[in-house]
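1. Provided below for reference: sequence and predicted model.
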Amino acid sequence: MELKSLLTEKRAAILRKWFDLIVDTYPSDTSSFLKKQKNQFANPVGHTISEGIEELFDELLEEAGSGKVSPFLDNIIRVRAIQDFTPSEAIGFIFLLKKVIRESLQREIREYQMYDDLLRLESRIDDLVRVSFDVYMKCREQVYDLKANEVKKMTFRLLQRANLVKEIQED
């Protein structure tokens, strides 16, 4: 028995547990809403997380490179980067997958001696965290750029209202 086939077999249960652990990082009322509301338009955050972790899980099993998983990470981290999460909380949802896999497959891993496969998988999960941090930093830089540009526009409008802005005429 291979770990990959076991993960494929238990994909739905693992993803459901991973999703539940991720939404449990939100305040309790938000967490309840994210778990109950299945409509993607009424619950875009829950939909983004659910869809993103499915793609991440599949790419993780296929041992995809960072370029292929980055868009899926970006969708989830972009949401968490603008919410009230610290950087470690925003990307910490990746580590929750390790917990889910260990708990879900504990008996089979022990019975079939899959420790080497598990270590390789966990190493790939650690690589996802590294990529996640880069994605998080890009998202935060975009937020700060937007805020800086808004302050520049507000300052310019104030100077215009005070008639302190003059156009330079070309000769």
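-> Done, it's in. All values derive from a computational prediction rather than experimental measurement.
2. before we move on, what SS does residue 113 have?
-> Here residue 113 is coil, with the state taken from DSSP: H, G, I helix; E, B strand; the rest coil.
3. can you tell me how far the residue nearest to residue 159 when sequence neighbours are not counted sits from residue 73?
-> Distances taken as C-beta to C-beta, 6 or more residues apart in numbering place residue 165 nearest to residue 159, at 4.9 Å, with adjacent residues excluded. All C-beta atoms are positioned from the backbone trio N, CA, C, and that covers glycine. Residue 165 is 43 Å from residue 73, where distance means C-beta to C-beta, to the nearest Å.
4. who has more neighbours out of those two?
-> Taking neighbours as other C-beta atoms under 10 Å, residue 165 and residue 73 compare with residue 73 leading, 25 against 11.
5. now do the same contact list for that one.
-> Going by C-beta atoms under 8 Å, 6 or more residues apart in numbering, residue 73 touches 52, 56, 128, 131, 132, 135.
6. against residue 39, how distant is it?
-> Relative to residue 39, residue 73 is positioned 24 Å away (C-beta to C-beta).
7. low pLDDT regions in this protein?
-> Counting by pLDDT under 70, the low-confidence segments of the chain come to 171.
8. for this protein, what spans make up the helices?
-> With DSSP state H, the ranges of helices along the chain come out as 3-9, 11-23, 28-36, 44-61, 66-81, 87-91, 93-111, 115-161.
9. next, count neighbours for the closest residue to residue 89 other than its chain neighbours.
-> Nearest non-adjacent residue to residue 89, counting by C-beta to C-beta, 6+ apart: residue 25, 6.5 Å away. Using other C-beta under 10 Å, the number of residues around residue 25 comes to 16.
10. so residue 25 sits right up against residue 93, yeah?
-> Yes: with contact defined as C-beta atoms under 8 Å, residue 25 counts as touching residue 93 (6.7 Å).
11. now rank the contacts of residue 73 by neighbours and give me the top one.
-> The most crowded member of the contacts of residue 73, judged by other C-beta under 10 Å, is residue 132 (26 neighbours).
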